[in-house]
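Undergrad: the following comprises the amino acid sequence and a computationally predicted model.
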Amino acid sequence: MQLAEFATADCQGLVVAHRQNFADGSIAKGTLLTADHLAELRAAGIHTLICARPDAGDVHEDEAAARLANLLAPDNLDFTMAATGRVNIKVPRQGLVRYERALIRAINEIDERITFALVQHNQLLAPGQMAATLKIIPFFVPDSSLRQIENLLAGAPAFGFHPLKTAQVALIQTRIPGQADRLFAATKKVTADRLAMLGSEVMASLVCAHNKHQVAEQIQSCMADGADIILLCGGSAIIDRQDELPQAVIEAGGQVIQLGLAVDPGNLLMFAKIGDVPVIGMPGCARSPKLNGLDWVLQLVLADVDMTRGEFADMAAGGLLMEIASRPLPRAIATKPQQPDRLAGMILAAGQSSRMGPDNKLLAEFAGKPLVRHVTEVMLNAGLDDMTVVIGHQADQVAAALADLPVHLQFNANFAAGQGHSVAAGVGALDGTVTDVLIALGDMPLISVEMVQNLVEAHLACVDHQRRITLPSCDGKRGNPVIWGGAFFPELKQLRGDAGGRQVLQDHLAAHNPVEISSSEIFRDIDTPADLQALNTGTSGR
């Protein structure tokens with residue numbers, strides 16, 4: 001690929017390297033230039049452009065991303081459409097992502113322009129979470145690099161996704177003198193909650209003496225009743241293979257595969273099997289809901305991973321949970337109470353409408369109502385939890401247009417300095433209980449209630465939605481409005497100038513959650529008198 005400055009007349013078929021803004025429109029970075037684009041640029045007085053021109057054998061970023069994604073990932077996952085050289089890969093159900101680290105490294109060593117990133121090995125993901133992202137850095141990459149990756153994979157994906165199965169689990173607790181009944185009741189509840197988060201349940205909960213013969217009898221009884229997994233929680237910790245619980249497994253006809261785990265907390269864990277039934281001796285820390293070695297082992301067993309000595313040894317890398325909660329549970333199934341979702345709406349209505357001439361476009365009428373009122377009513381009818389309208393230029397008149405609507409008005413004293421200040425003012429004024437915010441433009445009256453509701457539904461369907469940015473997309477191009485998770489509020493509060501949230505969007509491409517909308521209305525704002533005339537006459541406009 002060649003990146004250079006070309007005469008505009010020679011740019012047809014090339015890719016523009018930087019966004020081009022001019023009086024009657026703009027051309028986004030990454031656009032493949034057509035004759036119509038060149039005519040617009042010439043009319044705007046733009047005679048040279050920095051563009052990317054492919055070399056012989058180069059492949060466009062989106063084609064390359066789509067081609068590799070289908071090979072790198074297994075077909076039991078969901079793929080976003082390739083856009084700006086990126087494909088995000090998400091899981092459709094709860095399960096584990098597993099891979100060989102050396103293979104992932106080898107893929108990323110082939111060409112620095114091709115990057116492939118995954119969550120951690122053995123990471124548990126909830127439905128809708130992202131497992132991996134593939135990003136092509138420039139606009140074009142050599143076909144030879146793609147072929148090297150294809151040859152390296154040899155027809156097999158670079159990683160695997162292992163959905164969790166459901167299981168009927170028996171819990172056997174042993175009692176030593178002096179232990180109160182409430183201990184066993186509390187352990188049962190914590191265990192039942194832990195299993196429920198993984199889609200399984202406790203089918204039986206038994207208490208017996210801390211004696212190998214009685215434990216062996218209970219194990220055999222649970223197996224006869226059809227238990228898929230048996231958990232043993234000793235009144236005293238397992239410290240040796242000669243201890244009561246390991247011996248009970250042997251007496252019941254089983255084999256102890258592993259005693260001791262290189263995960264802390266969770267060191268004193270036993271893993272055994274009787275036939276095909278796993279028998280897990282729980283470490284004492286498993287009486288607590290806090291993440292520990294039992295969580296990791298249960299996840300692997302429910303993912304049908306063969307529990308070899310090597311698999312247990314592999315847990316040592318990242319196994320010091322006491323210091324860092326590595327591979328935590330997904331947010332949706334974490335044991336601590338979660339803040340209720342509260343998705344608020346915000347409309348930016350503070351601008352000066354400089355391209356409209358002397359009139360304020362937000363107060364211009366469409367179908368008998370000011371534009372800003374149209375947008376506000378749509379957002380209110382979509383059922384958002386709260387609504388803020390950021391005002392500035394001609395604030396009194398904009399407020400009067402919304403006088404009888406249930407909205408909060410937030411004045412932006414720096415409205416003349418650009419849209420970034422309005423975003424910062426609006427996000428800074430949000431109630432502390434707001435977890436996500438939908439930011440809309442006050443000059444897009446054709447946005448529909450159904451469109452907003454579809455965006456909200458798609459956003460909240462992501463279990464990690466507070467760390468996601470949901471935006472409408474049509475033909476691979478993003479539009480408005482945009483829903484921001486709370487994780488981005490600090491950055492939005494710092495915005496300045498006229499870029500709005502575009503820079504934050506660019507900085508967090510992997511967090512994008514695009515929603516395909518079969519309507520160009522997501523791009524249609526009203527900036528000029530010609531736009532307003534086209535709106536009122538029902539023509540397509542810009």
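TA: All right, it came through fine.

Undergrad: for the stretch 201-350 of the chain, just list every one of the strands.
TA: Applying DSSP state E, counting those that start in this stretch to the stretch 201-350 of the chain gives strands spanning 201-209, 229-233, 255-259, 270-274, 277-281, 343-349.

Undergrad: now do the stretch 351-500 of the chain
TA: Going by DSSP E, counting those that start in this stretch, the stretch 351-500 of the chain shows strands at 365-366, 369-370, 387-391, 408-411, 436-441, 469-474, 477-478, 482-485.

Undergrad: format those strands as CSV; extra columns: distance to Ile219, mean pLDDT and mean neighbour count.
TA: Where you see a C-beta, it was placed from the backbone N, CA and C, and this is true even at glycine. Converted to CSV, the strands of the stretch 351-500 of the chain look like this (distance: least, CB to CB, whole Å; pLDDT from 0 to 100; neighbours: other CB atoms under 10 Å):
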stretch, distance to Ile219, mean pLDDT, mean neighbour count
strand 365-366, 74, 81, 14
strand 369-370, 73, 86, 18
strand 387-391, 59, 92, 25
strand 408-411, 62, 92, 16
strand 436-441, 48, 93, 25
strand 469-474, 49, 89, 22
strand 477-478, 57, 82, 18
strand 482-485, 46, 94, 25
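
Undergrad: and those strands as CSV, adding distance to Trp296?
TA: Below are these laid out as CSV (distance: least, CB to CB, whole Å):
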stretch, distance to Trp296
strand 365-366, 58
strand 369-370, 58
strand 387-391, 43
strand 408-411, 46
strand 436-441, 31
strand 469-474, 31
strand 477-478, 38
strand 482-485, 27
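
Undergrad: quick one on the thing from earlier: most tightly packed of the strands of the stretch 201-350 of the chain?
TA: With neighbours taken as mean count of other CB atoms under 10 Å, those reach their highest mean count in strand 343-349, at a mean of 27.

Undergrad: in its sheet, what does it sit against?
TA: Partners of strand 343-349 in the sheet, by DSSP bridges, are strand 387-391 (parallel), strand 436-441 (parallel).

Undergrad: what's in contact with it?
TA: 362, 372, 375-376, 379-380, 382, 384-392, 398, 407, 419, 422-423, 426-427, 430-431, 434-442, 456, 459-460, 483, 500 (CB atoms under 8 Å, 6 or more residues apart in numbering).

Undergrad: and that strand, how far from the chain's centre?
TA: 22 Å (CA atoms, centre = their mean, to the nearest Å).

Undergrad: let's test this: mean pLDDT of it, rounded?
TA: Averaged across strand 343-349, pLDDT comes to 92.

Undergrad: now the strands paired with strand 343-349 in a markdown table, with distance to Ser520?
TA: Shown next, in a markdown table, are those (distance: least, CB to CB, whole Å):
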| stretch | distance to Ser520 |
| --- | --- |
| strand 387-391 | 25 |
| strand 436-441 | 15 |
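
Undergrad: for the strands of the stretch 351-500 of the chain, which one sits closest to Ala69?
TA: strand 469-474 (16.7 Å; CB to CB).

Undergrad: quick one on the thing from earlier: among the strands of the stretch 201-350 of the chain, which comes closest to Ala56?
TA: Closest among those, using CB to CB: strand 343-349, at 46.2 Å.

Undergrad: could you find the closest non-adjacent residue to Arg478?
TA: Leu471 (4.9 Å; CB to CB, 6 or more residues apart in numbering).

Undergrad: mind giving me the packing neighbours of the longest helix seen in the chain?
TA: Secondary structure of the chain per DSSP state H: the longest helix is helix 181-197. Packed against helix 181-197 by the contact rule (3 or more CB pairs under 8 Å, 6 or more residues apart in numbering; DSSP states H and E) you find strand 168-175, strand 201-209, strand 229-233, helix 293-302.
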